[in-house]
Each structure stands twice: as C-alpha cells, then as structure tokens.
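Participant: Coordinates for the following, if possible.
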Amino acid sequence: MTSVGVRTEAEAEDSGPSGYAAARLRLLQDESRSGPPRRSALSDLTDDWLAGLFRAGAEKLPRGVALVAVGGYGRGELSPRSDLDLLLLHDGSADTAQVAALADRLWYPVWDLGLALDHSVRTPGEARRTAGEDLKAHLGLLDARHVAGDLGLTAGLRTAVLADWRNQAPKRLPELRELCAERAVRHGELGHLLEPDLKEARGGLRDVTALRAVAASWLADAPREGLADARRLLLDVRDALHLTTGRATDRLALQEQDQVAAALGLLDADTLLRQVYEAARVVSYAGDVTWREVGRVLRARSVRPRLRAMLGGRGAAPERTPLAEGVVEQDGEVVLARAARPERDPVLPLRAAAAAAQAGLPLSPHAVRRLAAVGRPLPAPWPAEAREQLVTLLGAGPPTVQVWEALEAEGLITRLLPDWERVRCRPQRNAVHTWTVDRHLVETAVRAAELTRRVGRPDLLLVAALLHDIGKGWPGDHSVAGEIIARDVAARVGFEAGDVAVVACLVRHHLLLVETATRRDLDDPATVRGVAEAVGTPGTLELLHALTEADALATGPAAWSAWRGALVGDLVKRVAAVLSGDEPDAGSSGEGAAPTAEQERLAVEAFRTGGPVVALRAEEPVGEPEPLGVELLVAVPERAGVLPAVAGVLALHRLTVRTAELREVALPAGIDGVRGPGSVLLLDWRVAAEYGALPQAARLRADLVRALDGTLDIAGRLAERDAAYPRRRGTVAPPPRVTVAPAGSRLATVIEVRAQDAPGLLHRIGRALEAAGVVVRSAHVSTLGANAVDAFYVTGVDGGPLAGERAVGVAREVEGALGG
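Facilitator: Residues are numbered from 1 along each chain as shown. Here you go, the predicted structure:
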C-alpha cells in the first residue's frame, strides 16, 4: 500500500488496539502534520490496523472476502473524530459463521476504542441492490476503496457500482439534486450563517461529495477552479473543530470559533468565517453551474431522439435569442453573441448582467469567465450607459442575486467596485442579521426594487441600497465611513454632484428613521426638527423612507414589522410637514398626542380609585399580529416607582416585554366628573408569555398593588427564581452600554440603554433610574432578537433636563447597576 506522508515506526509497530490508539494519538498531536497529509496518514494508519485485524487468525480466514472502506474513509478523508464507514464484502461461498466471526473480529476492537462505526456485511449483489434502493448508500459505494482481503472482489464491486451509477444517472441525478435542495432548506447556506454546519449546509462538504458523484456519472462536471482548495479548507476547519472540541461535530459554534481560528493560525474568528464563507461560495456556485448543466443534458437527451427523427438524423443548431447588444439567450442561459468583443466594449459585463437579471436567466459561466479574462475596465467616471445598466441590474428583483454571484465568482464585482472587497464575505455578529454584509447589501437592493414606484428617483434608491452598509469594512461608525465611500463611488459611477450628495446623505442616515421612531418621543418638537434638518428635502425623505423599509426587510424577521412600519410612517408624516413649512405641534415629552378613548377611560378610573387599572387585550388583531404579543394597558396615578413596579410584576408572571411606552396623561377638571386637574401615568405594553397562557388582568393588578405599596419583594422573588432555575448561556453577551443621547430633546434628557434582553431587565433599569433621583417622563422600549434597545426621557425633580455632568453620572449609575 502506498502511504501519503512520512510514516513512523511507532505508527505501524503494533496492530492491536492499544498500539493503534497510541500511534493515532501521536499523529493527532503532531503539529508538524496537518491538513491533507494528516488525513491521509490517519487513513493509512487505520488501514494498516484494520488489515492486521483482518489477517489475524489467517488459518481460519474464509476465501472470497474483502474489507472495503466507503464514504469519507473511502476517500481517505478521515478527520480526528470521523466515523469509520466499512463494508465486509464476501462472494457468498464462505461459511456464514466464519464471516460472522470475522466481522466480530473487526467491529469489536473499533467499538472498544470508542470510535464511531458505520458497518455492513454484504455480497456484491446485495450491495448493488441496496445501492439501487438507497441513494445515500450508492453515493458511499462510489468511493469504495480496498483495505484488505480479496482485491478482485473489491475491484469487481467498484466497476459494477460505477456502471450502475452511469446507467441510472438520468434517474438518480434528479433525486440527488432534490436531496441537496432539501438539505439546503434544513441547514441554510454555509456562506452566510454565523454558526454554520460545515458538512450539511449548502456549500458544505456534502455538496462537494454530490459534485464528485455528478462527475462520476460522466453527464456533467463541476467548474474545477478553486473547488479543490475550497474542499481542503473546509476539511481543515473540520479537523481543527474536532481537535478543539474533542467531539464529532460539524457545527462551528460561536464559542468555539476563536479556538478553531487559533488552531489554524488565523488572526481571529472573523478571519476564519470569511475563509469558510469564501470556500462555501465556491462550492455553491460550482453546484449551481453543475446542476444547470445536468438539467440541460437531460433535457437534450429526452428531446434529441425525437428531433433527430424529425430532421432525418441531422441535429439542430441551438436557438439564440438576442437580449441586448452583444448578448443572447441560448439553452436557458445568457451568453455572449458571436460578434461580441468584450476587449473593445467595457460596458458589456454590466449589459450582459442586466439583461440576464431582467430576463430571469443565469449568466453562462463561460461568458462570465471570458468577460473577466479579456474585458476592458470602465473609465472613471463611468459612461451613462454603464450607470444605467447597473441600475437596471439592481432593479431586477430576486434574479439579481444569482447574476451578482456569478459576477463575483470571477472577480468582476470588485473590479467594477473596488470598495466591495472590504465587505465581501464579512460576517455580521448580530443575531438580527440573516446575511453577511455583502449579501445583505444585494438583498436590500432586491427589496428596494419592490419600492421603486414609491419614489421619484428609483436610481438613487437602488444605488443607496447597494451602498448603505459599505462602511462596515472600516473602523468606526459604519454610517460615517460609508458616507465618504458612497460619495466616492457615486461620483465614480457617473452621478452628478447633486445626486452624489443625496446618495451620501441616504447612506449617512440610513438608520435615522427607524432609530428615531422606535427610541425617541415623536411628540417632542426637537425630535422631528432634528430629523428634518438631517434629511433636508422632501425628495430625500421619500428615498430614506423606502431605504429604511428595504434595509429592515433584508436584515431579518426581527427588524421589521407592521408596528415598526407604522411608527416610521408617523415620523415621516411629521417630518414631511416640517419640510413643507409647518411647525411641529408643541408639547412636552410624553404629552403631545391626545389619548385614545380607551386610554382616557382607564386614566379617569385610575384617578378616581387612586390605584392601578389594568386592561389586557388577549385577542390578536386581524391580519399580521405585529409586534409579537398582546396589548397591556396600565394606568396609575402619578407617583414614584411605577415603571420598576410594573416591569417587575410582568417579569414575575414570565411575560416578555416586546415594546413599551410610558407617558403622562393630564386630566383637566370636569372630565367625566373629575373634580380637579390631575395627572396619570399611562403604560402601553406589548407582552408575550414565555410559555403557557397569559395571566388574568385581575392577578396582574393584585400583584401591582402589592408592588406599589411595598409588600411584594419583586427583586427578592426574581433572585430566588434565577437561583432555582439558572438560564443556560451559550455565549457570553457583550456588557450593557448606557449613554446620553446628544440633542435628544429640549425638554428632557434622553438616556439610552442597550443590553442583552433578560427577565427583569426593565425592572432593574427602572430601579436604577429611581435610585439616581430622576423622574421618567416617557420611555420607549423595544426588543430586537436577544437585544434590548431602550430610551428613557428623564428630568430632574424640577422638571427640567439634567445638566451635562449630572446626565453622564446617571448613565454611569444605570450601567453599573446592570453590570453588577
């Protein structure tokens, strides 16, 4: 047997379990050998050991028997914790008892060492029948490799299995494609996930194996460039993951990424993920191209016999349909026309991409490769046609994604937009985000394409969507860095100065509307004026509104809802009024908008009774129940400690706060019999039960009465529960951060809290603010995934905003209370 890598005497000195185990341990601990040499050496070492077990007691060894490695072991890809996939093959002539005894002699030592074993005992006929019934078994046998025994028996099986695979390819390859698609749905895309499965996710090792199987069918072959390197990197990462965790796992969990990166000699976990993402995209793109080719070949095979008969035995030339200058459709793909001259036509790559996306067709990999090889670079600034073709590509909707990926696979995107390199394959360590930075930008453009009828300048919307997070490749605030980059890119693409300024403004303020709408008091005139000053014109506001929605929709399900959309829409209306010359309605924080009839009724009842009034609307509204949860209204005569008391009662009842709004409601004399003017605190919550049913409103009110009069020890009860049922923490959350929002309001100081969401968090924040001696005039609470983002409008006891140093001191006190 030919050995890959240098073998030591210690590795082959003993065929017994203890000798193999010691040699295996030495090999895995040998830092001088890693990657393919170690995997090959581990396979060879295992071969020698198993061959020794096979030959032990040779005088009783039956004839016509072979030990065969299949699957990953058959390919010589043994990772430190890989299963051993083994087939004991016999020709049927041996005594059954002898074959069974040989199997025991092989399997039990493997189990004794604690190694995972996938084993079977079959004749060649049985193996072929099993492969015919089980696609996964057939795939494993395609990699069959002889280990010991009758070599001719193994060779005969390999020849028969490959012949079966090629003969059955028209039936089996569509089954394999469906299997890959189902797995992608279950496990997601390796090229984007924060905690990817290296084996099962789309673009992972299973897909590489599927591409090998397609090549073995002789029907089609995968693009070779970069595929071997991608496969090797994914295997190297899996090796490091096995050694780091000591487990047979393929999931690259967050808490293990730094250790795996260190084991591979990489700078950090982000570098590791970027390399994994790049490899996965190579595999995914190769898969897309290969499966399209398989479909084309199978369609041609089904049509060709009938067509040849009709043409008297002559084949028909493929039809070519013009799509754009130098671009045609052929066999369901977009290819270059015969007269196309990419070396003379610098706009051709964008024209071909735009035509493909608008037609909903893939770009031929051969066409993209030719464009990358001989295409001319665009001048700066771009000609008008190039800019229009980019906008056309971005405005095509979902088909834009596959076309963009094809261009990126051959390096054309970074050639067109050099700044793209810094965001390409960049992970986003935020659970709210579904995609990597670059894919998120493309997905935002896809979403923006659906909103182009709402704006007067769809071209600026689409380009701003593509660039809005471009600053994430640079240190500091990505909006600030992105504004500079976007200004340069927009000018290079050929926009005039005024349009460049609009694109830069959109990128700089792409978070402004949603952050203001969900974290600021819209009844405060300073809030609305601040947004109006940042936006500047009604046209820019219109664009920013659409960009905000597209960005959120492309981020993930937790980033957008009907509720958030309504808040942003309300803010946009107010800002539009200011931009048209109207002044925002005056009012103090939390006092501007008139209460609804229901809120007024509860406020009056609370003022009359002198105690809290609770209304729980358990029925969900018709249509989309956004945000998650049900509405809870609480009215309490104004007094200290209301916020922490209500939040604490909700935590005790295991109610998760999705959103919360707190404000004062002034009751003038004479309303519904109220004798004198009064003030009531109104808290409007969206809550959801952690599990089980919602509590009754009467129970909540009873506990709230006790909390307000001091007979219910909320902090003690929460501490007891946490001690009895500690929560599992998969990763260590970043520490909480509490800041003073600059220029947040003229009438109050805005304290912003960002922290990991947890039971009782809002209660602790409320207690800290009370302890700091400030009055909470209004509060705006929201939860994004596992993150709480809250804003509190506070004043001193005199009713005015806090002085600068005092405000910073309050923020530090709250942060200290949350970090303790």
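Participant: Distance from the chain centre to stretch 737-744, please.
Facilitator: Centroid separation for stretch 737-744 versus its chain: 30 Å, with Cα atoms, centre = their mean, to the nearest Å.
Participant: Pull out the CA atoms of that stretch and give them to me as CSV.
Facilitator: Extracted C-alpha coordinates of stretch 737-744, given in CSV (Å, rounded to 0.1, in the frame of the first residue of the first chain):
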residue,chain,number,x,y,z
ARG,A,737,-24.0,50.1,27.5
VAL,A,738,-25.8,53.2,28.8
THR,A,739,-25.3,56.6,27.1
VAL,A,740,-26.8,60.1,27.0
ALA,A,741,-28.2,60.8,23.5
PRO,A,742,-26.9,64.1,22.3
ALA,A,743,-29.6,66.7,21.4
GLY,A,744,-32.3,64.1,22.0
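Participant: tell me the secondary structure for the nearest residue to Ala645 once chain neighbours are set aside?
Facilitator: Using Cβ to Cβ, 6 or more residues apart in numbering and skipping the chain neighbours, the partner closest in space to Ala645 is Ala707 (4.1 Å). C-beta: built from backbone N, CA, C; applies to glycine. Of the three states, Ala707 takes helix under DSSP: H, G, I helix; E, B strand; the rest coil.
Participant: do Asp790 as well
Facilitator: Recorded secondary structure, Asp790: strand (three-state DSSP).
Participant: what's the burial count for it?
Facilitator: Close neighbours of Asp790, defined as other Cβ atoms under 10 Å, add up to 23.
Participant: pretty sure it contacts His780?
Facilitator: Yes - under the criterion of Cβ atoms under 8 Å, Asp790 makes contact with His780 at 6.9 Å.
Participant: Need the residues touching each of those two.
Facilitator: Here Asp790 and His780 share the contacting residues Arg519, scored by Cβ atoms under 8 Å, 6 or more residues apart in numbering.
Participant: Surely Trp685 and Val649 touch.
Facilitator: No - assessed by Cβ under 8 Å, Trp685 is found out of contact with Val649, at 11.0 Å.
Participant: Compare these two and say which is more crowded by neighbours.
Facilitator: Val649 (27 against 23).
Participant: ok, now which ones touch that one?
Facilitator: By Cβ under 8 Å, 6+ apart, the residues touching Val649 are Leu700, Asp703, Leu704, Ala707, Leu712, Ile714.
Participant: for it, helix, strand, or coil?
Facilitator: What three-state DSSP gives for Val649 is helix.
Participant: Now do the helices in the stretch 701-820 of the chain.
Facilitator: For the stretch 701-820 of the chain, the helices defined by DSSP state H, counting those that start in this stretch cover 714-724, 761-771, 804-819.
Participant: Could you say which of the ones you listed is packed most deeply?
Facilitator: Each of the helices of the stretch 701-820 of the chain was scored by mean neighbour count; the highest is helix 761-771, a mean of 22, by mean count of other Cβ atoms under 10 Å.
Participant: So which residue is smack in the middle of the protein?
Facilitator: In the chain, the residue lying closest to the centroid (Cα atoms, centre = their mean) is Thr434, at 2.9 Å.
Participant: Check which element follows the lowest-mean-pLDDT helix or strand in the chain along the chain.
Facilitator: Sorted by mean pLDDT, DSSP states H and E, the helices and strands of the chain end with helix 9-12, the least confident at a mean of 40. Note on helix 9-12: by DSSP states H and E, the next helix or strand toward the C-terminus is helix 17-29.
Participant: Can you list the buried residues in that following helix?
Facilitator: For helix 17-29, the neighbour count (16 or more other Cβ atoms under 10 Å) marks Pro17, Gly19, Tyr20, Ala21, Ala23, Arg24, Leu27, Leu28 as buried.
Participant: Ok, stretch 558-575 next?
Facilitator: 558-561, 563-565, 567-568, 571-572, 574-575.
Participant: So the residue nearest to the centre of the chain lies in a helix, does it not?
Facilitator: No - read with three-state DSSP, Thr434 is coil and lies in no helix.
Participant: and the residue lying closest to it once chain neighbours are set aside, what pLDDT?
Facilitator: The shortest distance from Thr434 to any non-neighbouring residue, by Cβ to Cβ, 6+ apart, is to Gly556 (4.3 Å). Here, the pLDDT recorded for Gly556 equals 81.
Participant: can you pull out the helices in the stretch 451-600 of the chain?
Facilitator: Using DSSP H, counting those that start in this stretch, the helices found in the stretch 451-600 of the chain span residues 458-467, 478-493, 497-508, 512-519, 525-535, 538-555, 562-579, 597-609.
Participant: helices or strands up against the last one?
Facilitator: Spelled out, it's helix 597-609. In terms of contacts (3 or more Cβ pairs under 8 Å, 6 or more residues apart in numbering; DSSP states H and E), helix 597-609 is packed against strand 613-617, strand 630-637, strand 655-667, strand 678-689.
Participant: Repeat that for the second one.
Facilitator: When contacts are defined as 3+ Cβ pairs under 8 Å, 6+ apart, helix 478-493 packs onto helix 384-394, helix 458-467, helix 497-508.
Participant: where does the stretch 551-700 of the chain dip in pLDDT?
Facilitator: Flagging of the stretch 551-700 of the chain using pLDDT under 70 yields the residue ranges 583-594, 618-629, 668-677, 690-691.
Participant: Do I have it right that Ala697 meets Val613?
Facilitator: No - Ala697 is beyond contact range of Val613, at 9.3 Å (criterion: Cβ under 8 Å).
Participant: who's more crowded, those two?
Facilitator: For Ala697 and Val613, the more surrounded residue by other Cβ under 10 Å is Val613, and the numbers stand at 23 against 17.
Participant: residues contacting that one?
Facilitator: Applying Cβ under 8 Å, 6+ apart to Val613 gives the contacts Leu602, Glu605, Ala606, Val634, Ala635, Val636, Arg701.
Participant: again, but for Arg38
Facilitator: Here Arg38 is in contact with Gly5, Leu27, Leu28, Asp30, Asp239 (Cβ under 8 Å, 6+ apart).
Participant: Repeat that for Ala269.
Facilitator: Ala269 neighbours (Cβ under 8 Å, 6+ apart): Leu254, Gln257, Asp258, Val260, Ala261.
Participant: Next one: the closest residue to Asp684 other than its chain neighbours from Arg746, what distance?
Facilitator: Distances taken as Cβ to Cβ, 6+ apart put Glu661 closest to Asp684, at 4.5 Å, once the chain neighbours are dropped. Distance, Glu661 to Arg746, by Cβ to Cβ, to the nearest Å: 20 Å.
Participant: what's the answer for Glu77, then?
Facilitator: 66 Å.
Participant: Please identify which of these two sits among more neighbours.
Facilitator: Neighbour totals were compared for Glu77 and Arg746, and Glu77 leads with 23 against 13 (other Cβ under 10 Å).
Participant: Just to check, that one is in contact with Leu42?
Facilitator: No - counting by Cβ under 8 Å, Glu77 does not reach Leu42; the two are 9.4 Å apart.
Participant: I'd like to know how many residues surround Ala228.
Facilitator: 11.
Participant: State the three-state secondary structure for it.
Facilitator: Judged by three-state DSSP, the three-state class of Ala228 is helix.
Participant: One more: the one 5 residues further on?
Facilitator: Assigned state for Leu233: helix (three-state reduction, three-state DSSP).
Participant: and it, what is it in contact with?
Facilitator: Neighbour list for Leu233: Gln275, Val276, Ala279 [criterion: Cβ under 8 Å, 6+ apart].
Participant: In ChimeraX, how would I select the buried members of the residues you listed?
Facilitator: To isolate the buried ones among the contacts of Leu233 in ChimeraX, judged by 16+ other Cβ under 10 Å, type:
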select :275,276,279
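Participant: Scan the protein for its longest helix.
Facilitator: helix 269-310 (DSSP state H).
Participant: could you check the angle helix 384-394 makes with whatever helix or strand comes next after it?
Facilitator: Scanning forward in sequence from helix 269-310 by DSSP H and E, the next helix or strand is strand 320-324. Between the axes of strand 320-324 and helix 384-394, defined by axes from the mean of the first three to the mean of the last three Cα atoms, to 10 degrees, the angle is 110 degrees.
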